[in-house]
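J.: The following comprises the amino acid sequence and a computationally predicted model.
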Amino acid sequence: WVEVDNDVESPIIVNGISDGIFTFDASAIGKLVRCKMTNATFPDLTLVYEVLLQDKPPTGIESITNDKLKITIVDDELYIENYEGNGTVQIFDVAGRTVGARFIAPINNDAQTINISHLPSGVYIVRVGNQGAKFVKR
């Protein structure tokens, strides 16, 4: 990992790695960092990630709105609002595997909740009928 400042790369210290999750020292918050990864099996393939490190709590409130569909995450609860009609909520991981599903119906226009405590941190897609949105569980 290197810090990127005006296209000048400076090494940045990674405190640790566990299950593919990197941790950085607090001094790295707010910095743009770059990681270049290569693989001995595919020597001509190099993956480059650029990440802006931000100070975010492991749980909290994050809200995503896609057209009418509104997804809000509070701790381990996924709140779904403004969806059209009855439908099955499907949650997919980034590999396209279904990791959760539940039938919901609008009740007095209240948000419907789904517990997502069983999901590991990561990026997910939620789909209700023909509406969908991406969310990140921290």
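T.: Looks like it came in fine.
J.: going forward, measure contacts between C-alpha atoms and count neighbours the same way
T.: Noted.
J.: Could I get the pLDDT score of Asp44?
T.: Listed pLDDT for Asp44 reads 83.
J.: please begin residue numbering at 30 from this point
T.: Got it, the first residue is 30 from now on, which makes the last one we talked about Asp73.
J.: SS state for it?
T.: At Asp73 the chain is in strand, as set by DSSP: H, G, I helix; E, B strand; the rest coil.
J.: So what's the residue count around it?
T.: By other C-alpha atoms under 10 Å, the residues close to Asp73 number 8.
J.: contacting residues for it?
T.: Counting by C-alpha atoms under 8 Å, 6 or more residues apart in numbering, Asp73 makes contact with nothing.
J.: elements contacting the helix or strand harbouring Ile120?
T.: Using DSSP states H and E, Ile120 sits in strand 116-122. When contacts are defined as 3 or more C-alpha pairs under 8 Å, 6 or more residues apart in numbering; DSSP states H and E, strand 116-122 packs onto strand 127-133, strand 151-157.
J.: Relative to Leu98, which of those is closest?
T.: Evaluated with C-alpha to C-alpha, the helices and strands packed on strand 116-122 place strand 151-157 nearest to Leu98, the distance being 8.4 Å.
J.: Distance from the chain centre to that closest one, please.
T.: A distance of 9 Å separates the centroid of the chain from that of strand 151-157, by C-alpha atoms, centre = their mean, to the nearest Å.
J.: how big is the angle separating it from strand 116-122?
T.: For strand 151-157 against strand 116-122, the angle by axes from the mean of the first three to the mean of the last three C-alpha atoms, to 10 degrees is 160 degrees.
J.: Give the closest residue to Arg63 in space, chain neighbours not counted.
T.: Glu79 (4.4 Å; C-alpha to C-alpha, 6 or more residues apart in numbering).
J.: residues contacting the one you found?
T.: Counted by C-alpha under 8 Å, 6+ apart, Glu79 has contacts 61-64.
J.: In PyMOL, how would I select just the buried ones from these?
T.: In PyMOL, this line selects whichever of the contacts of Glu79 come out buried by 16 or more other C-alpha atoms under 10 Å:
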select buried, resi 62+63
